[in-house]
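K.L.:
Could you work out the structure for the sequence below:
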Amino acid sequence: MDAKTLDIQQEVVVSAPKERVFDALVHRFTDGNYGQEKAPMPMKMELWPGGRWYRDLGDGRGHLWGHVQSIKKGELLEFYGPLFMSFPVTNNVIIRFTEEDGKTTISFSHRGFGLIEMSHIEGLTEGWADYLATIKQDCES
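P.N.:
Next up, the predicted model:
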């Protein structure tokens, strides 16, 4: 397997204030997280610089997905780590929230490098778009 890079850039406009959108995103990355076929997959995120983002399976078992690199509630969430990939890789995800006239633009960036399988690259583009659409729906319904 050769080393590959991924660069996913997406935006979505949500009809809600940025603090509400930020909270909805954190919910979807934690208690409201889901995996394949929308099966529940709750995660935990410690919302401070250096905080862990991980899946707690109980009894000392789980998966580390990353660490919070930067956080400004309602403005920015940045994290880095292997995410779900169990091979030599690093990822950086930056999510910015910009509000104008009661609407919030989520600017989403996921960049990664390592032994990334092509199926993951293809699935991530669709998967992140689905997450952003779900957050939009959460805030607007």
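K.L.:
middle-most residue in the protein, spatially?
P.N.:
Central residue of the chain (Cα atoms, centre = their mean): residue 29, 6.1 Å from the mean position.
K.L.:
That residue: what's it in contact with?
P.N.:
43, 45, 53 (Cβ atoms under 8 Å, 6 or more residues apart in numbering). C-beta: built from backbone N, CA, C; applies to glycine.
K.L.:
tell me the SS of the residue lying closest to residue 27 once chain neighbours are set aside?
P.N.:
Closest residue to residue 27 apart from its sequence neighbours, by Cβ to Cβ, 6 or more residues apart in numbering: residue 138 at 7.3 Å. Here residue 138 is recorded as helix under DSSP: H, G, I helix; E, B strand; the rest coil.
K.L.:
Hmm, residue 138 is touching residue 26, no?
P.N.:
No. Residue 138 lies out of contact with residue 26 (Cβ atoms under 8 Å); the separation is 11.2 Å.
K.L.:
Quick check, pLDDT for residue 3.
P.N.:
Residue 3 carries a pLDDT value of 89.
K.L.:
Now do the same contact list for it.
P.N.:
Residues near residue 3 by Cβ under 8 Å, 6+ apart: 113, 114, 115, 116.
K.L.:
okay, now the first one: neighbour count?
P.N.:
The number of residues packed around residue 113, counting by other Cβ atoms under 10 Å, is 15.
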